[in-house]
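J.: predicted model follows, preceded by the sequence.
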Amino acid sequence: MNAYIFPVLNGLGLGMIYFLMAVGLSILFGLLNFVNFAHGAFFLVGAYLCYQVSVLAGSFTVAIILAPLAVALLGWALNKFLLNRVITMSHSAHILITFGIMLVLNELVITIWGPLPQSVQTPAALQGIVQFGDFVYPKYRLFVLVLSSLIALALYLLIVRTKFGALLRAASEQGETVSLLGVNVGRLYSIGFALGGWMAGLGGAMAAPLRGVDPSMGMEALAIAFAVVIVGGLGSFGGALVGGLFIGLVQSLMSMLWPEGARLMIYAAVAVLLIVRPNGLFGRA
């Protein structure tokens, strides 16, 4: 039984990181009908900033706080000075422009940190294992699972139970009407970009000790994020959560059963789901 509990917990932990990667992408599409291919670069920059801050400050705690905040500022600035000017364009324009931004950020990362992978040390307090009877599990993976679950709960409460969340949801449905009521919709959109950047940056920072950092991780994150939102349905918070957990479990279980085909099975599962439910589990037509 323990042989299956370990990959399931690993899958849930991976799934929560994938949720953090994808939920900002999904929210932005639901809010602005905007396809952001630069989202993978937010994950990449968050991971590298976590690496750099942990080296300079000698503290992973400081790194995991500062790195996502810096990525949130990047998301806000990109929207403020560039992306808000192209929101009304077609999805094809969104893809071309944001994919170009991702390539620029990727090259900046290579220029600053080099093309070779770097390792990020697990914080001392989270090294080792925890034991539950006969079952043992790495402390850091348990930390990732618990922290990301708490953040998912806080984000749900923010979107569903607060005035800001109500305005955000209203603006996604009737932006002009909300603007006529005196709400600064542009500011809501900027906060949406910053929030999406913060979550993607946090996902990158938490993933850094698990897999290290390398310039290719942004593109990998983008592919996984789109797989998650395809499964859950674009624009759905609950869909991003379920999609992330689904993809994480498929990858983890298949890594045990068929390691060479684990990544292949992710996209095979997505393809099957698209045939059965073209709009995803919670997506709107």
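T.: Cool, got the structure. Numbers count the residues shown, from 1 in each chain.

J.: can you list the buried residues in stretch 74-93?
T.: 74-76, 78-80, 83-84 (16 or more other CB atoms under 10 Å). Quick note: C-beta positions are derived from backbone N, CA and C, even for glycine.

J.: which ones are touching Met206?
T.: 17, 20, 64, 144, 147-148 (CB atoms under 8 Å, 6 or more residues apart in numbering).

J.: now do the strands in the chain.
T.: Secondary structure of the chain by DSSP state E: the strands cover 129-132, 135-138.

J.: can you give me the mean pLDDT across stretch 136-151?
T.: Across stretch 136-151, the average pLDDT comes to 92.

J.: now it - C-alpha only, CSV.
T.: Coordinates of each C-alpha in stretch 136-151 appear next as CSV, following Å, rounded to 0.1, in the frame of the first residue of the first chain:
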residue,chain,number,x,y,z
VAL,A,136,7.9,8.1,5.5
TYR,A,137,7.7,11.2,3.4
PRO,A,138,10.1,14.1,2.6
LYS,A,139,9.5,17.2,4.8
TYR,A,140,9.9,19.6,1.9
ARG,A,141,7.3,17.9,-0.3
LEU,A,142,4.9,17.9,2.6
PHE,A,143,5.6,21.6,3.1
VAL,A,144,4.8,22.3,-0.6
LEU,A,145,1.5,20.3,-0.4
VAL,A,146,0.4,22.1,2.8
LEU,A,147,1.4,25.6,1.8
SER,A,148,0.0,25.5,-1.7
SER,A,149,-3.3,24.1,-0.3
LEU,A,150,-3.5,27.0,2.2
ILE,A,151,-2.9,29.5,-0.7
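
J.: which residues are in contact with that stretch?
T.: Contacts for stretch 136-151 (CB under 8 Å, 6+ apart): 6, 9-10, 12-13, 16-17, 19-20, 122-123, 125-130, 199, 202, 206, 209-210.

J.: of those residues, buried ones?
T.: Among the contacts of stretch 136-151, those buried by neighbour count (16+ other CB under 10 Å) are 6, 9-10, 12-13, 16-17, 19-20, 122-123, 199, 202, 206, 209-210.

J.: where does the protein have low pLDDT?
T.: Within the chain, the ranges that satisfy pLDDT under 70 run 1-3, 30-32, 171-176, 178, 180-181, 283-285.

J.: please redo it, this time with the cut-off set to 80
T.: Along the chain, segments meeting pLDDT under 80 span 1-4, 27-33, 87-88, 132-135, 165-186, 188-189, 234-237, 260, 282-285.

J.: tell me where it has helices.
T.: 2-32, 39-57, 60-81, 91-113, 139-161, 163-173, 175-180, 185-211, 217-232, 237-257, 262-276 (DSSP state H).

J.: if we compare the ones you listed, which one ends up closest to Phe282?
T.: Closest approach to Phe282 among the helices of the chain (CB to CB): helix 237-257, 3.6 Å.

J.: check which helices and strands the closest one sits against.
T.: When contacts are defined as 3 or more CB pairs under 8 Å, 6 or more residues apart in numbering; DSSP states H and E, helix 237-257 packs onto helix 2-32, helix 139-161, helix 217-232, helix 262-276.

J.: buried set for the third one?
T.: The one in question is helix 217-232. Buried-residue list, helix 217-232, by 16+ other CB under 10 Å: 217-219, 221-222, 224-232.

J.: Ser90: which of the buried residues of stretch 74-93 is nearest?
T.: Comparing these against Ser90 with CB to CB places Leu83 closest, at 14.1 Å.

J.: measure the residue nearest to that closest one when sequence neighbours are not counted to Leu25 for me?
T.: Once flanking residues are discounted, Leu83 sits nearest to Phe193: 7.1 Å by CB to CB, 6 or more residues apart in numbering. Counting by CB to CB, to the nearest Å, the separation of Phe193 from Leu25 is 11 Å.

J.: great, nothing more from me.
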